[in-house]
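Student: Would you be able to build a 3D model of this:
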Amino acid sequence: MATTPPAGRLPLPELAAMKRRRDKIVMVTAYDAPGARFAEDAGIDIVLVGDTAAMVVLGHEATTVPVTVDEMLFLTRTVARQARRPLVVGDMPFGSYQVSDEDAVRNAIRFVKEGGAGIVKLEGAGPMTSRARAIVESGIPVMGHIGLTPQSATMLGGFKTQGRTADAARRLVLDAHALEDAGCCMLVLEAVPAPVAARITAELTIPTIGIGAGPDCDGQVLVYHDLLGLTEGHLPRFVKRYANLSREIRDALEAYAADVRTGVFPGEEHTYAMPAEELAAFESE
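Tutor: Numbering: from 1, shown residues only. Here you go, the predicted structure:
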């Protein structure tokens, strides 16, 4: 089943053209309507409705695994309503594609029909290469994801850099080619040594999107809450904070609470009046 992007949405072939021109691709995660609008206004190319929502939106501790298909569909649908130009990528959560090719295609179709996604993303290579191929053959573009794959972080020994030995790096290069051969239109490289990511980027014809993979990838992605300073506590080495909104939000809430408790808010400028004659009639009753 072919999908038609909304009018004005960035055409998928343009991303490959950007790679050829060496124009950097900008991707960010978003999980709600305001986030989608802000990404739109900033000229972001791709919005990923990431399964990181499990941690930054739904409150699960240090794992993306618990988020469900229905929860991801709800968030994807919300973002797709507001993101007019950026391509919207629906992140398929753990359990939605691992069982079989048929299961993967069935859930990918839901992300397009119910979620409004233009692309779906899945993690890993090996058996997942077959899943990617099956989804592509059903007419749905697929973004691959190798290196640190959070859904299988336990098997990888935790949230650690991948491909640091020569053998591991060679496997990543082979996995990247396998996913391209399966029909993936893009590839996320997460927590991969910069030289490995640079080689993969040079050898593939599809764009690579880095997150902790150095400057030579065709584009970059960061988690919305991380780059805006909404995430507190330890952050990965690859995160750059562009704001400290958690402090600003906390200050604003504390000021609001103080104004309410002292009677400063609401002031006269925040209240509604009524015509004097109507007030008199009301009070006479």
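
Student: Point out where the stretch 101-250 of the chain drops to low pLDDT.
Tutor: Residues of the stretch 101-250 of the chain meeting the criterion pLDDT under 70: 154-158.

Student: And the helices in it?
Tutor: 101-113, 127-137, 166-181, 194-203, 224-227, 245-262 (DSSP state H, counting those that start in this stretch).

Student: Could you dump those into CSV with mean neighbour count and distance to Gly95 added?
Tutor: C-beta coordinates here come from the backbone N, C-alpha and C atoms, glycine included. Below are the helices of the stretch 101-250 of the chain laid out as CSV (neighbours: other C-beta atoms under 10 Å; distance: least, C-beta to C-beta, whole Å):
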stretch, mean neighbour count, distance to Gly95
helix 101-113, 20, 9
helix 127-137, 20, 12
helix 166-181, 17, 20
helix 194-203, 18, 28
helix 224-227, 21, 24
helix 245-262, 11, 31
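
Student: List just the one of the ones you listed that sits closest to Arg37.
Tutor: helix 224-227 (12.2 Å; C-beta to C-beta).

Student: quick one: that closest one to chain centroid distance?
Tutor: Here the centre of helix 224-227 is set off from its chain's centre by 10 Å, with C-alpha atoms, centre = their mean, to the nearest Å.

Student: which helices and strands does that helix pack with?
Tutor: Here helix 224-227 is seen to pack against strand 25-29, helix 53-56 when contacts are counted using 3 or more C-beta pairs under 8 Å, 6 or more residues apart in numbering; DSSP states H and E.

Student: could you dump the first one to PDB, C-alpha only?
Tutor: Once non-C-alpha atoms are left out, strand 25-29 reads as follows in PDB (Å, rounded to 0.1, in the frame of the first residue of the first chain):
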ATOM      1  CA  ILE A  25      19.400  16.500   7.800                       C
ATOM      2  CA  VAL A  26      17.900  17.600  11.100                       C
ATOM      3  CA  MET A  27      15.800  15.200  13.100                       C
ATOM      4  CA  VAL A  28      14.300  15.600  16.600                       C
ATOM      5  CA  THR A  29      11.900  13.600  18.700                       C
END
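
Student: Just name whatever secondary elements the following helix or strand past it is in contact with.
Tutor: Using DSSP states H and E, the helix or strand that follows strand 25-29 in sequence is helix 33-41. Here helix 33-41 touches helix 69-82, going by 3+ C-beta pairs under 8 Å, 6+ apart.

Student: hmm, back to that, closest one to Gly50 among the helices of the stretch 101-250 of the chain?
Tutor: Closest of these to Gly50 is helix 224-227, at 8.6 Å (criterion: C-beta to C-beta).

Student: List the contacts of that closest one.
Tutor: Outside helix 224-227, the residues that touch it by C-beta atoms under 8 Å, 6 or more residues apart in numbering are 28-31, 35, 56, 230-231, 235-236, 239-243.

Student: Recalculate using a threshold of 10 Å.
Tutor: Contacts with helix 224-227, where a contact means C-beta atoms under 10 Å, 6 or more residues apart in numbering, come from 28-32, 35, 38-39, 47-48, 50, 52-53, 55-57, 211, 221, 230-232, 235-236, 238-243, 245-246.

Student: And for Pro215, nearest residue in space, chain neighbours not counted?
Tutor: Here the nearest residue to Pro215 in space, its sequence neighbours aside, is Ala194; by C-beta to C-beta, 6 or more residues apart in numbering that works out to 7.1 Å.

Student: Many thanks, I have nothing further to ask.
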